[in-house]
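> A predicted structure for the sequence below; I have some questions about it.
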Amino acid sequence: MAASQASSLLVSSSSSSSSGCSSRRTITTSIQLLKPLKLSLTNHPSTVITKKLVEELSTRNGSNFAEPLQMDVALKDRVLEPHLSPDSSIETTTKLYTMLEAVEDRVEMHDNIGEQRDNWNRLLLNSLNMMTLTATTTAAVAAATQAPSLRACSALLFTAVTGMSLVMSKIQPSQLAEEQRNASRLFKQLQTEIKSMLALQSPTESDVKETMEKVLALDRAYPLPLLGAMLEKFPTKFEPAAWWPRVSNNHRQSRGCKTVTNTERNGWSKELEVEMRAIVQVLKSKDKQDYLRLGNLVLKLNKMMAVSTPLLAGMAAAGSAFGGSTAMTVAAIAGAMVAIINGFEHGGQVGMVVEMYRNCAGFFDLKEETIESTLEESDYSKRENGEMFEMKVAMKLGRSLSQLRDLARKSMASCIEGNEVDEFGSKLF
């Protein structure tokens, strides 16, 4: 009975319409497409799987989109192949990646500590101003009422203001925050340089050594701890910041004694060398000197305010503790002056301005040393390409190539005529 029912069903299905046949073919094709692929994982599993998939799709669906997939496989194989120069190695590349990780970590640390020290500046400034104004008001009321309790409160508050102002004058929180911002920016530049080195060329041991020197120079220029390693906030002489490895005079002399071993000038010409020397002269005489002059003025102003604030606060504390009505009046006046000076010094972030001028002067010092050390290299093959170097100098100074050449012509004309150049080298700052 079951066999007869099955045969009747087969007969009825064979007598169906042509549309039904088309539906069955579509379903059969779909089922065949869903058949699992049998792939062997040998040698390179990902490459074998991808190639098998391309072959399967090309045999079942034509060659319309099989060719792009085959191109992707070839591109994938080409990217995965290591391209190392004779001087490069896997170990060298690994060292550079390790330094890249360290630099990225330093960027994060300087960002976090810079934000923390910026918070210090705001919180200490607000607290100091509130305490100073409260102590001044209390001293003025005590001078009128002769209340011993108010006089004691005023003396206590002025003593606390004296201690806090000494700490703020010593560490200069706004200057500390600016140091960390500059360090974070410079470490990000170094991070980009390392990534470009890994992407565009095969690193060598000399690249690893040079990168290590740059990292250590930045660590020395912008230290993280406060105790024992903090930069001097009131040096006897204002000097530019130096965050790069200095080129020693012996190294410069040895470079200058080299003979030209490469007849190809690598994009350099006599006119370009004269142009670069003229640019250096402008940076020395105009930009760098201007920032050194401004930095000295702001440093002297900051020194004066850093000394006067705790001195006036101490005088107010002594007057509040041991004096009569006249001394309390003097204490109130001194407290008002403390609030004014402190608001101008730390609210105006004079320490940050000092660090900004120090960093700007260091930038021009770096440009000067970079150009001079490049020109002293007699072997043109060891120099950076001349056209690329000129473009980099122009971009660093915020100028176009034509503007840079005009500035060089003005500098050469001023040397011949004995006049001063009427503009600065940088248009950025």
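Cool, got the structure.

> what's near enough to touch N119?
By C-beta atoms under 8 Å, 6 or more residues apart in numbering, N119 lies in contact with nothing. Quick note: C-beta positions are derived from backbone N, CA and C, even for glycine.

> distance from the chain centre to whichever helix or strand it is part of, please.
Following DSSP states H and E, one finds N119 within helix 90-145. Its chain's C-alpha centre and that of helix 90-145 lie 18 Å apart, by C-alpha atoms, centre = their mean, to the nearest Å.

> what mean pLDDT does whichever helix or strand V280 is part of get?
Counting by DSSP H and E, the element that carries V280 is helix 270-282. The average pLDDT within helix 270-282 is 93.

> can you check stretch 118-136 too?
So the average pLDDT for stretch 118-136 ends up being 92.

> in that stretch, what counts as buried?
118, 120-121, 124-125, 128-129, 131-136 (16 or more other C-beta atoms under 10 Å).

> taking these together, which two end up most distant?
D118 and T136 (27.3 Å; C-beta to C-beta).

> where's S154 relative to L123, distance?
Remark: distance between S154 and L123 (C-beta to C-beta, to the nearest Å) = 23 Å.

> name the residues of stretch 315-326 that are buried.
Buried residues in stretch 315-326 (16+ other C-beta under 10 Å): 315-321, 323.

> just the closest of the residues you listed to Q289, please.
For the buried residues of stretch 315-326, the nearest to Q289 is M315 (39.4 Å; C-beta to C-beta).

> so that closest one sits against A331, correct?
Yes: using C-beta atoms under 8 Å, M315 is in contact with A331, at 7.5 Å.

> list of residues touching stretch 227-235?
170-172, 175-176, 179, 223, 299, 302-303, 306, 351, 354.

> now do the contacts for M131.
157, 160-161, 164.

> from E210, how far out is it?
51 Å.

> over to L133?
54 Å.

> same question, T138
61 Å.

> more neighbours: which of the two?
T138 (26 against 15; other C-beta atoms under 10 Å).

> check contacts around that one.
150, 153-154, 157.

> and the helices in the stretch 251-400 of the chain?
Taking DSSP state H, counting those that start in this stretch, the helices of the stretch 251-400 of the chain run over residues 270-282, 289-322, 325-342, 350-376, 386-396.

> mind checking which of the ones you listed is nearest A217?
Comparing the helices of the stretch 251-400 of the chain under C-beta to C-beta, the one sitting nearest is helix 350-376, at 11.0 Å.

> which residue packs closest to Y357, ignoring adjacent ones?
G295 (3.7 Å; C-beta to C-beta, 6 or more residues apart in numbering).

> OK, contacts around the one you found?
Neighbours of G295 in contact, by C-beta under 8 Å, 6+ apart: 238, 354, 357-358, 361.

> just give me the closest of the residues you listed to R277.
For the contacts of G295, the nearest to R277 is A361 (20.4 Å; C-beta to C-beta).

> these two touch, right, the closest one and R293?
No: taking contacts as C-beta under 8 Å, A361 lies outside contact range of R293: 9.8 Å.

> sorry, back to before: using CSV, lay out the helices of the stretch 251-400 of the chain together with distance to A229.
Below are the helices of the stretch 251-400 of the chain laid out as CSV (distance: least, C-beta to C-beta, whole Å):
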stretch, distance to A229
helix 270-282, 33
helix 289-322, 20
helix 325-342, 27
helix 350-376, 16
helix 386-396, 30
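
> quick one: low-confidence parts of this protein?
1-88, 247-263 (pLDDT under 70).

> in it, which residue is closest to the centre?
R185 (1.6 Å; C-alpha atoms, centre = their mean).

> could you pull out the buried residues of the host helix or strand of that one?
Under the criterion of DSSP H and E, R185 resides in helix 173-200. For helix 173-200, the neighbour count (16+ other C-beta under 10 Å) marks 173-184, 186-188, 190-191, 193-194, 197 as buried.

> packing partners of that helix?
Using 3 or more C-beta pairs under 8 Å, 6 or more residues apart in numbering; DSSP states H and E as the contact test, the elements touching helix 173-200 are helix 90-145, helix 205-221, helix 350-376.

> sorry, back to before: CA atoms only for the helix holding V280, dumped as CSV, please.
Extracted C-alpha coordinates of helix 270-282, given in CSV (Å, rounded to 0.1, in the frame of the first residue of the first chain):
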residue,chain,number,x,y,z
LYS,A,270,74.7,75.9,-4.8
GLU,A,271,71.8,78.3,-4.9
LEU,A,272,69.8,76.2,-2.4
GLU,A,273,72.7,76.0,0.0
VAL,A,274,73.1,79.8,-0.1
GLU,A,275,69.4,80.1,0.4
MET,A,276,69.4,77.9,3.5
ARG,A,277,72.3,79.8,5.0
ALA,A,278,70.5,83.0,4.5
ILE,A,279,67.4,81.6,6.2
VAL,A,280,69.6,80.6,9.2
GLN,A,281,70.8,84.1,9.5
VAL,A,282,67.3,85.5,9.7
